[in-house]
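**Q** here you go, sequence then predicted model.
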Amino acid sequence: METETRNVQRPDAVLTVRGVTAGYTKPLLRDVSFDVVRGEVFVILGGSGCGKSTILKHIIGLTPPLAGEIRILGDRISGGDAAETSRAKRHFGVTYQGGALFGSMTLRENVCLPLEAFTALPEDARNLLAEIKLEQVGLRAYADFFPAEISGGMRKRAAIARALALEPELLFLDEPSAGLDPVTSAELDRLILRLRDEQDVTVVMVTHELASIYAVADNCIMVDREAAGVIARGRPADLRDNPPNGKVRAFFNRTAENGYE
């Protein structure tokens with residue numbers, strides 16, 4: 001298992017994870033440390049059940065880590081006072097694996113939710129901003145549709161529009177391609193890159209989908225439950241071509257080795 005821990009925060013880091021023990025009542029992963037720098041797409045990858053989504057829950061403040069520190073643009077997401085935690089949460093938007101849209105609301109109403117909760121904008125301004133966000137993901141014509149009336153890929157894009165409503169610097173995506181066909185998944189990958197380039201948003205993505213990893217990731221870490229930590233870090237193509245161990249080789253070549261298939 002990789003044990004390197006960089007203790008000095010990079011000046012261009014928007015997310016800093018230091019010495020984190022990930023888990024709930026029992027540790028899943030120990031000594032997880034990495035930086036995400038402004039403007040990159042960073043992927044947390046690994047096999048099913050390895051703890052990568054648990055790390056994401058710690059990063060966005062849903063559950064505190066068992067140990068370690070997480071800072072978003074310098075603010076602690078847990079362990080600080082309420083004001084610091086609130087500042088940290090205003091820096092990011094997040095989408096969940098199932099999209100988490102409210103089925104009884106239109107797409108416009110779903111995107112308006114964070115604007116209603118965190119701004120004092122009047123209704124007409126909120127609606128206009130929601131439509132702008134839907135336009136950015138190619139869904140303005142569907143603003144009055146309900147989630148059940150659109151495809152799975154469109155629901156993923158609508159969830160991204162909602163996550164972008166407050167103009168966050170960071171966008172967290174949990175398994176964005178899950179359940180999508182290859183063509184729709186590729187379209188979503190292109191959208192992620194376009195948002196990164198046009199909206200100046202840094203993206204942190206949890207996935208095990210190799211096509212998406214190769215398409216969008218600038219850097220990544222690979223975590224492993226048996227090793228209880230980070231077993232590789234770097235650019236996906238480098239890890240594929242020069243894997244540091246058998247588990248990394250098996251993951252990137254999709255071969256059965258030590259539980260990877």
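**A** On my side now, so go ahead.

**Q** quick one: residue 72 and residue 91 touch, right?
**A** Yes. At 4.9 Å, residue 72 counts as touching residue 91 under the criterion of C-beta atoms under 8 Å. C-beta coordinates here come from the backbone N, C-alpha and C atoms, glycine included.

**Q** find the residues that touch each one of those two.
**A** 14, 170 (C-beta atoms under 8 Å, 6 or more residues apart in numbering).

**Q** report the secondary structure state of residue 233.
**A** At residue 233 the chain is in strand, as set by DSSP: H, G, I helix; E, B strand; the rest coil.

**Q** identify the bridge partners of it.
**A** Assessed by DSSP bridges, residue 233 has beta-bridge partners residue 221.

**Q** hang on, the earlier thing: so residue 72 and residue 91 - more neighbours on which side?
**A** Higher neighbour count among residue 72 and residue 91: residue 72, with 26 against 18, using other C-beta atoms under 10 Å.

**Q** show me what contacts residue 215?
**A** Counting by C-beta under 8 Å, 6+ apart, residue 215 touches 186, 189, 190, 193.

**Q** kindly report the same for residue 101.
**A** 107, 110, 147, 155, 158, 159, 162.

**Q** name the SS class of the fourth one, please.
**A** Recorded secondary structure, residue 155: helix (three-state DSSP).

**Q** circling back: just the buried ones from the contacts of residue 215?
**A** Among the contacts of residue 215, those classed as buried by 16 or more other C-beta atoms under 10 Å are residue 189.

**Q** residue 22: which of the contacts of residue 215 is nearest?
**A** Proximity of the contacts of residue 215 to residue 22 (C-beta to C-beta) peaks at residue 189, which lies at 26.4 Å.

**Q** I'd assumed the closest one was in a helix, is it?
**A** Yes. Counting by three-state DSSP, residue 189 is located in a helix.

**Q** thought it was touching residue 216?
**A** Yes. At 5.2 Å, residue 189 counts as touching residue 216 under the criterion of C-beta under 8 Å.

**Q** from the contacts of residue 101, which land in helices?
**A** 107, 110, 155, 158, 159, 162 (DSSP state H).

**Q** in TSV, list those residues along with distance to residue 168 and neighbour count.
**A** Listed next are the ones in helices among the contacts of residue 101 as TSV, based on distance: C-beta to C-beta, whole Å; neighbours: other C-beta atoms under 10 Å:
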residue	distance to residue 168	neighbour count
107	19	30
110	16	26
155	20	22
158	16	27
159	14	26
162	11	27
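
**Q** and which of those residues is nearest to residue 244?
**A** Set against residue 244, the nearest of the ones in helices among the contacts of residue 101 by C-beta to C-beta is residue 159 (34.5 Å).
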